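J.: Below: sequence and its predicted model.
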Amino acid sequence: MLFNEKYPTAKEGEVVEHGDYVLDHDADNCYVCGRLTHFFERNAGTYICSEECDEELYYMFFMNAIEK
Ligand SMILES: [Zn+2]
């Protein structure tokens, strides 16, 4: 589910309960799928648009950690 559908009432600068996301003033492309989003993941330092992309992001980070 897209974060902007899951958190339709989120205010700018507000941290939402899913992971460590904040609704940013600026929008940028989702790191995983490229969709424009205001939701910024503070741990990874990247924009992520949805729960599905969030899972994919953590999978990518997990695989990176194993390779190192
Ligand atoms: Zn995405």
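T.: Alright, I've got the coordinates. Source: prediction; values computed, not measured. Numbers count the residues shown, from 1 in each chain.
J.: Can you report how many residues neighbour the closest residue to Tyr21 other than its chain neighbours?
T.: Closest residue to Tyr21 apart from its sequence neighbours, by C-beta to C-beta, 6 or more residues apart in numbering: Phe39 at 5.1 Å. In this view, the C-beta of every residue, glycine as well, is placed from N, C-alpha and C. By other C-beta atoms under 10 Å, the residues close to Phe39 number 26.
J.: do the same with the one 5 residues further on
T.: Using other C-beta under 10 Å, Ala44 is surrounded by 16 other residues.
J.: residues from the protein in reach of the ion?
T.: 30, 32-33, 35, 49, 53 (C-beta under 5 Å from the ion).
J.: so which of those residues comes closest to Glu12?
T.: When the residues of the chain next to the ion are compared for distance to Glu12 (C-beta to C-beta), Cys49 wins out at 16.5 Å.
J.: Isn't Tyr31 up against Ser50?
T.: No - with contact defined as C-beta atoms under 8 Å, Tyr31 does not reach Ser50; the gap is 11.4 Å.
J.: and the two? which has more neighbours close in?
T.: Ser50 (21 against 18).
J.: Now that one. Its backbone dihedrals?
T.: When read as degrees, to the nearest 10, the backbone of Ser50 gives phi -150, psi 170.
J.: Tyr7 is in contact with that one, correct?
T.: No - in this structure Ser50 lies outside contact range of Tyr7 using C-beta under 8 Å: 11.2 Å.
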